[in-house]
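[1] Sharing a model that was predicted from the sequence below.
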Amino acid sequence: MRIRKSFRFEGAHIVRNCSSQRCKYNIHGHSYGVEVTIRSSRLDQGYMVLDFMLLDKVKLLVDSFDHSYSLWNREAEDFKGWIHKNTQRVAEIPVSPSAEGYALLFFYVVDRILENTIFQNGEGEIELFSVKVHETSTGYAEAFREDLSLVQFTLNEIHFSQAIIDEWPFDWWESLKTGQKFINPEVEQNL
Ligand SMILES: [Zn+2]
């Protein structure tokens, strides 16, 4: 069975090297929709693939890009410096912040989050199926597991600015990078 959870963020970027003059030379923003689809061959004790509440780290990930500038780490050093000097919320990423780049990045990170989570309510083999990123109301990019072959980066190449980190309830990113497991709460069965 598959389930899907939607998230939103308002993000700013420049998409270098693309064909559109407006996109490649101008800071601009979009209202992004992110759809995370997860599948499992089994249901947990509450007859769910997993409780959406348990996607709290995925929510933190997507929210880290909200009202943030997504800065491709291949940008010139003077531009990077200008961005960091003039805006507080910056996500420095190893992919171009195109819809495809976000889809790939989010798939990779969400997959790592799920791998790093200990489920405690009888969930089956939870598997990330796809991540869809809508950049406009008419277009989206969708990343699947096979697209992980396009990943040429690690978590260590993704950097969130201090203003983003300061809004997290705990440093989940450090936990993920160091492999410190996210342990879901045990669930009392009331039936
Ligand atoms: Zn754009």
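    Structure's in. What do you need?

[2] which ones are touching Glu115?
    The contact partners of Glu115, by C-beta atoms under 8 Å, 6 or more residues apart in numbering, come to none. All C-beta spots, glycine's among them, are computed from the backbone N, C-alpha and C.

[3] gap between it and Lys181?
    10 Å (C-beta to C-beta, to the nearest Å).

[4] Likewise for Gln152?
    26 Å.

[5] again, but for Ser161
    Taking C-beta to C-beta, one finds Ser161 at 26 Å from Lys181.

[6] Kindly report the same for Phe160.
    Per C-beta to C-beta, Phe160 is found 21 Å from Lys181.

[7] So the two - more neighbours on which side?
    Between Phe160 and Lys181, Phe160 has the larger neighbour count (other C-beta atoms under 10 Å), namely 20 against 11.

[8] Tell me which stretches of this structure form strands.
    Here the chain has its strands, by DSSP state E, at 2-13, 28-39, 68-72, 90-93, 117-118, 127-134, 140-144, 159-160, 182-183.

[9] For those, give me a markdown table that also has distance to Tyr47 and mean pLDDT.
    Listed next are the strands of the chain as a markdown table, based on distance: least, C-beta to C-beta, whole Å; pLDDT from 0 to 100:
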| stretch | distance to Tyr47 | mean pLDDT |
| --- | --- | --- |
| strand 2-13 | 12 | 98 |
| strand 28-39 | 15 | 98 |
| strand 68-72 | 37 | 98 |
| strand 90-93 | 36 | 98 |
| strand 117-118 | 20 | 96 |
| strand 127-134 | 18 | 98 |
| strand 140-144 | 26 | 98 |
| strand 159-160 | 36 | 98 |
| strand 182-183 | 22 | 96 |
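
[10] Which of those strands sits closest to Trp173?
    Trp173 lies closest, by C-beta to C-beta, to one member of the strands of the chain: strand 159-160, at 6.5 Å.

[11] If anything else comes up later, I'll come back, but that's it for now.
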